[in-house]
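A.B. asks: Using only what follows, build the 3D model:
(one chain, ligands or ions: 1)
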Amino acid sequence: MADSTLTSLPPHHPQCLGCGPDNPAGLHLAVSRDGDSVVTDVTFDKRHRGAPGLAHGGAISAACDDLFGFVLYVVEEMAVTRRLTVDYLAPVPLGQPHRITAGLQRRHGRRLHLEATGTGHDGITRFTAEALFVVVDHHHFAPHGLEADVQAMFTRPQRRDRKDR
Ligand SMILES: CCCCC/C=C\C/C=C\C/C=C\C/C=C\CCCC(=O)SCCNC(=O)CCNC(=O)[C@H](O)C(C)(C)COP(=O)(O)OP(=O)(O)OC[C@H]1O[C@@H](n2cnc3c(N)ncnc32)[C@H](O)[C@@H]1OP(=O)(O)O
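C.D. replies: Just a heads-up that it's a prediction; the model follows:
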C-alpha cells in the first residue's frame, strides 16, 4: 500500500522471524512509522495456514509480537515481550492484505503496555492484540547471541528515510 506519510524502519536483524529479510521461514514484515504508531501490511500465505484457507493464529500472533517490537523505535528503549494477548475477532483469509497498526498505550516504569489492531483492506478488523513489554539492557541478549549482532541492535540507525511505501 503506497502511503507518503510513512517512514520505513529497519528490521530488528536480518534473521528475525518477523521482519528479517534473510530468514526463509520468516514473515518478512516491512514496517513503517506513522507518527507515534507503527504499521505493516501483511498477507498471510499457504506457509501460514491453520485451517484450510485461513491464517494460523500463531502466525497472526507472531506478526503482532514483531510489530510491537517496532514500537520500541518510537519509545527509544530496548524491551522484550513479557505477555501477549490476541483477540481473534474473525477468521483471517490467506492472500488478503491486512494492515496492522501498533502503538504504546501507557508506560509504568519498565512496563510498556502496547496495543495493536489488524484490519483487512475491506475495512473489517479481524484481530486485536495487547502486550506487556519490559525494558531490558544489552545484558539480556549478550549471553545468547554474537556480541556484534547484539551491539548492532543497539547502535543501528533508528530509521531509514525512505518514504515510498
Ligand atoms: C535505543 C533504541 C532501541 C530500539 C530497539 C529496536 C529494536 C530492538 C527490539 C527488540 C530486541 C530485538 C529483537 C526483537 C525481535 C522480536 C520483537 C518481538 C519481541 C520478542 O519476541 S521478545 C522474545 C520473547 N520474550 C522473552 O524472551 C522475554 C523472557 N522474559 C524475561 O526475560 C523476563 O521475564 C523479563 C526480562 C521480561 C522480565 O524479567 P525481570 O526479572 O527483568 O523483571 P520482573 O520479572 O521483575 O518484571 C519487570 C516488571 O514487569 C512487571 N510484570 C511482570 N510480569 C507482569 C505481568 N504479567 N503483568 C503485569 N506486570 C508484570 C513486574 O511487576 C515488574 O514491574 P516493576 O519494575 O514496575 O516492579
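A.B. asks: how about the residues of the chain that lie near the ligand?
C.D. replies: 12, 16, 18, 65-66, 69, 72-73, 76, 78, 80-83, 108-111, 132, 134, 136, 140, 153, 158 (Cβ under 6 Å from any ligand atom). In this view, the C-beta of every residue, glycine as well, is placed from N, C-alpha and C.
A.B. asks: which residues of the protein score low on pLDDT?
C.D. replies: 1-4, 146, 156-165 (pLDDT under 70).
A.B. asks: In three-state terms, label the residue of the chain found nearest the ligand for me.
C.D. replies: Nearest residue of the chain to the ligand (Cβ to the nearest ligand atom) works out as Gly69 at 2.6 Å. Put simply, Gly69 is helix when judged by DSSP: H, G, I helix; E, B strand; the rest coil.
A.B. asks: do you know how far the residue of the chain most remote from its centre is from Lys46?
C.D. replies: Centroid-distance maximum for the chain: Pro52 at 24.8 Å, with Cα atoms, centre = their mean. Distance, Pro52 to Lys46, by Cβ to Cβ, to the nearest Å: 10 Å.
A.B. asks: ditto for Asp137
C.D. replies: Distance check for Asp137 against Lys46: by Cβ to Cβ, it reads 40 Å.
A.B. asks: list the contacts for the most centrally placed residue in the chain?
C.D. replies: Central residue of the chain (Cα atoms, centre = their mean): Leu67, 1.2 Å from the mean position. Contacts for Leu67 (Cβ atoms under 8 Å, 6 or more residues apart in numbering) come out as 18, 29, 31, 38, 40, 100, 102, 116.
A.B. asks: Good, wrapping up.
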